[in-house]
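Undergrad: pasting the sequence and the predicted coordinates here, then a few questions.
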Amino acid sequence: MRCILLDDIKHYIEHSIDVKTAILNNERLLTKIYQASQLVISSIRRKGKILIAGNGGSAADSMHMATEFAAKFYSARSPLSAIALSADSCVMSAISNDFNFEYVYSRQIEALGRENDVFIAISTSGASKNILNAIDAAKRKNMKVIFITSEMLGATYLQRADIAICVPSNDTPLIQEAHLMIEHLICLETEREFLY
């Protein structure tokens, strides 16, 4: 029994490594990650802020990423303006109750978003209606949109984003792991610009 369990663990780790290796070997995808960090850097230099949203594990990712910007990633430096739209349970429950959960992020973008801001949309499947509505709201505000998603998504919303980063997998937990790595890479590149 122990050998079977160890095999399962090894098998999962191997698949996780395979997804990250596919990203590592995809020059186009690496370029998009770099370009995403440049959009964030440009926004902050123009006194913009970063709005981030996702559902479930991706909501946790949005809070994690906002924390890395506002506190620090590796190094102490000036805080960077970032807000996780999933963090305020009062706002989320009010919008869900008074309107519909489909508008839980788009309403916040309508309230908080400005032209120099960036919206980072995180969705494993890319099909979450509240995330897609938020992308539309951000574009109406002339915000830049970074869509961190997967290859499961069709082309429609990929074209609405300024940069769409699609993890080459259709396995939800492995996509989520890769998303966290990508989010960390954006934080890393952004932090390097604001250390001095």
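TA: Ah, there it is.
Undergrad: lowest-scoring secondary structure element of the protein by mean pLDDT?
TA: Least confident helix or strand of the chain, by mean pLDDT, DSSP states H and E, is helix 155-160 with a mean of 73.
Undergrad: check which helix or strand residue 72 maps to.
TA: Using DSSP states H and E, residue 72 falls within no helix or strand.
Undergrad: ok, it - contacts?
TA: Residue 72 is in contact with residue 191, counting by Cβ atoms under 8 Å, 6 or more residues apart in numbering. For glycine as for every other residue, the C-beta is placed from the backbone atoms N, C-alpha and C.
Undergrad: any idea of the pLDDT on it?
TA: We have a pLDDT of 93 for residue 72.
Undergrad: what does residue 154 give?
TA: 59.
Undergrad: can you give me the helices for this protein?
TA: In the chain, the helices defined using DSSP state H lie at 2-24, 27-45, 57-70, 89-98, 106-112, 129-140, 155-160, 172-193.
Undergrad: can you tell which of those is closest to residue 77?
TA: Residue 77 lies closest to helix 172-193 among these, at 6.5 Å (Cβ to Cβ).
Undergrad: who touches that closest one?
TA: Residues from elsewhere that reach helix 172-193 (Cβ under 8 Å, 6+ apart): 15-16, 19-20, 23, 33-34, 36-38, 40-41, 44, 57-58, 61, 64-65, 68-69, 72-75, 77, 80, 120, 122, 124-125, 146, 148, 150, 165, 167, 169.
Undergrad: mind exporting that helix as CSV, just the C-alpha atoms?
TA: What follows is helix 172-193, C-alpha atoms only, in CSV (Å, rounded to 0.1, in the frame of the first residue of the first chain):
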residue,chain,number,x,y,z
THR,A,172,-7.1,22.2,-12.6
PRO,A,173,-4.7,21.7,-9.6
LEU,A,174,-1.7,21.7,-11.9
ILE,A,175,-2.9,24.9,-13.6
GLN,A,176,-3.3,26.5,-10.2
GLU,A,177,0.2,25.6,-9.2
ALA,A,178,1.5,27.1,-12.5
HIS,A,179,-0.6,30.2,-11.9
LEU,A,180,1.1,30.8,-8.6
MET,A,181,4.5,30.5,-10.2
ILE,A,182,3.5,33.0,-13.0
GLU,A,183,2.1,35.4,-10.4
HIS,A,184,5.4,35.2,-8.4
LEU,A,185,7.4,35.9,-11.6
ILE,A,186,5.3,39.0,-12.3
CYS,A,187,5.9,40.1,-8.7
LEU,A,188,9.6,39.4,-9.0
GLU,A,189,10.1,41.4,-12.1
THR,A,190,8.0,44.3,-10.8
GLU,A,191,9.9,44.4,-7.5
ARG,A,192,13.2,44.6,-9.2
GLU,A,193,12.1,47.9,-10.9
